[in-house]
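Sequence and computational prediction follow.
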Amino acid sequence: IPGAPEKSYFLLGKIIHKVLEKYHEREYTSFNDLLVLLEDCWQDGGYQFDQERQQNRIDAEEMLKNYWEFIQEKPVKKLFTEHWFNFDTEYAQLSGKCDRVDMDEDNNISIVDYKTSKSVKSKGELKKDIQMGIYALFLFLKGIDLGDDNYIKSIPKKITMLFLRETDPEVTVVFTENDIDKFKKEIQQVSENIRNNNFLPSKGRHCAWCDYKELICPEFG
């Protein structure tokens, strides 16, 4: 059964990610460069209402302004952008993508994730966030390939979410090996539940994005 057309807020997120990817790949520096890239990447289609399209364009420019002002205070030491990864564990194969991977002068690796949603998570929430845990596991178990089989394997120096709608967008967490062990156990439990067809519904705000809840979920319909 086909899902509903892509939501406009997902479209906006994709555009912002693409703009920031190109901005750092091309080593641009000015705010005007961001606006030019936004114009290049912008898509007018996919909106139900013209007012929504106009508001998203305003929001996009404000998020890019917040980002540019942030990196003036904290310059980027980019190693990779939109970095895909996958690695095997004894219980599952995990894959994902880091929006940005940074490396400082001491070869310490940090991971940065961009968020365009209106909700902001606290440090406490990020410490429990499975997405953050998979990023940490990726660097700890597989590491970053610098070429010629030169890998950096370590716990990330830090993992940062940048909530781009905020003028102070940064929320940063630091993980320990004990934290990573907890994520391993959590992911292993999820993997075992999938293999055992154990899909208990967990009703929450994420349900708003589900096109199928009224058709198959016992919590709805």
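Received, thanks. Numbers count the residues shown, from 1 in each chain.

nearest residue to G133 other than its sequence neighbours?
F183 (3.2 Å; Cβ to Cβ, 6 or more residues apart in numbering). Every residue, glycine included, has its C-beta placed from N, CA and C.

Hmm, A136 and that neighbour touching each other?
Yes: F183 is within contact range of A136, at 6.8 Å (criterion: Cβ atoms under 8 Å).

And those two? Which one has more around it.
Taking other Cβ atoms under 10 Å, F183 and A136 do not tie; A136 has more neighbours (23 against 20).

which stretches of the chain form helices?
Taking DSSP state H, the helices of the chain run over residues 8-25, 31-41, 50-73, 123-127, 130-137, 177-195, 213-216.

Reformat these as TSV; add mean pLDDT and distance to P156.
Converted to TSV, the helices of the chain look like this (pLDDT from 0 to 100; distance: least, Cβ to Cβ, whole Å):
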stretch	mean pLDDT	distance to P156
helix 8-25	92	18
helix 31-41	97	26
helix 50-73	95	19
helix 123-127	96	12
helix 130-137	95	6
helix 177-195	94	10
helix 213-216	87	35
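
could you dump these to TSV with distance to F163?
Formatted as TSV, the helices of the chain follow (distance: least, Cβ to Cβ, whole Å):
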stretch	distance to F163
helix 8-25	12
helix 31-41	17
helix 50-73	9
helix 123-127	11
helix 130-137	14
helix 177-195	22
helix 213-216	27
